[in-house]
Each structure stands twice: as structure tokens, then as C-alpha cells.
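S.K.: give me a model of this one.
(2 chains)
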Protein chains: 2
Amino acid sequence: MSKQAGLPVLGQDDDAVCCAPMVREPLGEEAAAELSRMFKALSDPVRLRLLSLIASHEGGEACVCDLTGPFDVSQPTISHHLKVLRDAGLVDSERRGTWVYYWVLPEALAKLSALLQIPAGPAKALT
Amino acid sequence: MSKQAGLPVLGQDDDAVCCAPMVREPLGEEAAAELSRMFKALSDPVRLRLLSLIASHEGGEACVCDLTGPFDVSQPTISHHLKVLRDAGLVDSERRGTWVYYWVLPEALAKLSALLQIPAGPAKALT
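M.R.: Numbers count the residues shown, from 1 in each chain, chains lettered A, B, ... in the order given. Coordinates of the predicted model:
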């Protein structure tokens, strides 16, 4: 039904970049360009809270009507932030009747999470 | 010797924020403000590559002399990007003789990684 159907096998069908942990290998230019766009979408506190509200919402998706209450910003501002998250490939959305519903794209979050993952020990040997 | 000594027990002595996965609970305002500053530091492709070069460098630390070669930008620009990473709490540095050495702060990367972590199943029940 949505683009998400059939997806959640993480790391497969990934025709773009990454994601070995960056402690294991340095990023190439292309991967860094793509990933930095995703991080840019997370670089605003309202967008970060919006994403977390969507991600943690019951059923894994949130109506835009659930997303305006917690913020001291206007509806158009919320809509703009949601568009930025969507353009960055972090969420997807679908209109159903009156409302637009949003859900996170788990493979995108997992990609960033894997990139930043730290193995158990310290990254730097203590001296 | 460095601030990192004794640190790598992740999640302890964390007097600031987080990090439950955002799919589990929404972020508060304060946490979102702090985390968005860290993501902002990752929102530039050169900074992201610099961080990955430091993180993956042999021994877990890199001399600033190792970090200029791979980039088509000036030394002052590299220095500026390193300062942004440092101010965001993602790396620390120390001068030794002629050169400054950088290493990642693993608890910072682990915090962001944990935040974005996705449990095994799909975030959204497929409909």
C-alpha cells in the first residue's frame, strides 16, 4: 500500500551509500554528501522532535493533526519542517481523507544509526 | 591524560540528555536542542568526512597533518570544521609538539546512534 511495504530488511536493496560504522572506514565523498543532507534535516530541534513524535507514535504513524499541538510554531512552519524531513528521505507520507499521515522510513534511520555505531571498547586506546 | 580517560562506559555519568531510541519515546525540548546541535555539526559533507577520517584512523586518533590531504579546501577551512566538531562535543583534541591530534568522543557518537536505532521489526505495521 505504501512505499514501505516489503522494505524492512535493513541494508538490502541499498543502491546508494553506506553504512559501515565510520570508526571502521572513512566515508567517500558521495556517501558524505548524501548523509550530510539527512543530518541537516535533523539539525533543527523542532524537526528532531517532530521526527521522534512520528517515530514513537502508536501504530508507527502520526496524523499531521497529532503533530501541531506540542509546538509553539504555526501550522505552515510544521508543514515546512515535515517537507524537509520527507525530502531528506527520513519520513514518508500519505493523504487519507482530510489528513496527511506520516511515518518514519526505518532503513534511513538505521543507516544513520549504523554509521555512528561505536564498537564496545573505547575508540582511542587510553594512554 | 585526556578527558577521555575512564570514560567509555556508555550511558553513565550522562548528566545531559537521552538516549532512548526515538521510536520508543518522543524527545523533550531540551534533549532536542542539544542533539540538534550535534546533528548540525554532521550536516556538512566535509565535516562528516573529517569525523570519519578521525574515527577510523589507526590508533583512534589523527594528527591534523593527516586531515588536510584528502580535501580540496584550505587549511583554515579544515581548522574551522574541526572546531565545529569539537564545539559540538563530537571530538576532542590535544596539541603535542607541532601538531594537534583529534579523536572522537565515543559516547557522543553512541548517543546519536542509540537515538536513531530501529528495533528489528518494521516501525510501521504494514497495512
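S.K.: mind listing what residue A:21 touches?
M.R.: Under the criterion of CB atoms under 8 Å, 6 or more residues apart in numbering or on different chains, the neighbours of residue A:21 are A:114-119. (Each C-beta comes from the backbone N, C-alpha and C, glycine too.)
S.K.: any idea how far residue A:60 is from it?
M.R.: Distance from residue A:21 to residue A:60, counting by CB to CB, to the nearest Å: 26 Å.
S.K.: so residue A:99 touches residue A:67, yeah?
M.R.: No: taking contacts as CB atoms under 8 Å, residue A:99 lies outside contact range of residue A:67: 10.3 Å.
S.K.: and the two? which has more neighbours close in?
M.R.: Neighbour count, other CB atoms under 10 Å in any protein chain shown: between residue A:99 and residue A:67, residue A:67 has more, with 21 against 13.
S.K.: now do that one, the pLDDT please.
M.R.: Predicted confidence (pLDDT) at residue A:67: the value is 92.
S.K.: contacts only, for it.
M.R.: By CB under 8 Å, 6+ apart, the residues touching residue A:67 are A:50, A:53-54, A:78, A:82, A:102.
S.K.: if we use 6 Å, what do you get?
M.R.: Counting by CB atoms under 6 Å, 6 or more residues apart in numbering or on different chains, residue A:67 touches A:50, A:53.
S.K.: how close does it sit to residue A:81?
M.R.: As defined by CB to CB, residue A:67 lies at a distance of 9 Å from residue A:81.
S.K.: name the residues contacting each of the two.
M.R.: Common neighbours of residue A:67 and residue A:81 (CB under 6 Å, 6+ apart) are residue A:50.
S.K.: just the element for residue A:78, please.
M.R.: helix A:75-87 (DSSP states H and E).
S.K.: center of chain A - which residue?
M.R.: With distances taken as CA atoms, centre = their mean, residue A:90 lies nearest the centre of chain A, 3.3 Å away.
S.K.: could you find the closest non-adjacent residue to it?
M.R.: Nearest residue to residue A:90, sequence neighbours excluded (CB to CB, 6 or more residues apart in numbering or on different chains): residue A:108, at 5.1 Å.
S.K.: can you count the residues close to that neighbour?
M.R.: By other CB under 10 Å, the residues close to residue A:108 number 19.
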